[in-house]
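Trainee: sequence plus predicted model, see below.
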Amino acid sequence: MLNERVKVTIRCKQCGEKFTLRGRRDKGRIDTGFKQCLCNNARDFDIEEELF
């Protein structure tokens, strides 16, 4: 299904900060608008997703 709504939990592997965001999955890619953690980490995350 295209353009599914998903709940995404992002945890920073460097500082442990956790973010819960809503996003959309379109063509296999999830867009939440998330860019980087508060500790300036922009690459090293654990990411979990679940459908709404």
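Mentor: Looks like it arrived, so ask away. Numbers count the residues shown, from 1 in each chain.

Trainee: CA atoms for contacts and neighbours, from now on please.
Mentor: Will do.

Trainee: so which residues of this protein form strands?
Mentor: Here the chain has its strands, by DSSP state E, at 4-12, 18-26, 29-31, 45-51.

Trainee: by mean pLDDT, point me to the weakest helix or strand of this structure.
Mentor: strand 29-31 (a mean of 90; mean pLDDT, DSSP states H and E).

Trainee: strand partners of that one, parallel vs antiparallel please.
Mentor: strand 18-26 (antiparallel) (DSSP bridges).

Trainee: isn't Glu50 right up against Glu4?
Mentor: No - with contact defined as C-alpha atoms under 8 Å, Glu50 does not count as touching Glu4 (10.4 Å).

Trainee: those two: which is more packed in?
Mentor: The neighbour comparison of Glu50 against Glu4 (other C-alpha atoms under 10 Å) goes to Glu4, with 14 against 10.

Trainee: so where's this protein uncertain?
Mentor: 1-2 (pLDDT under 70).
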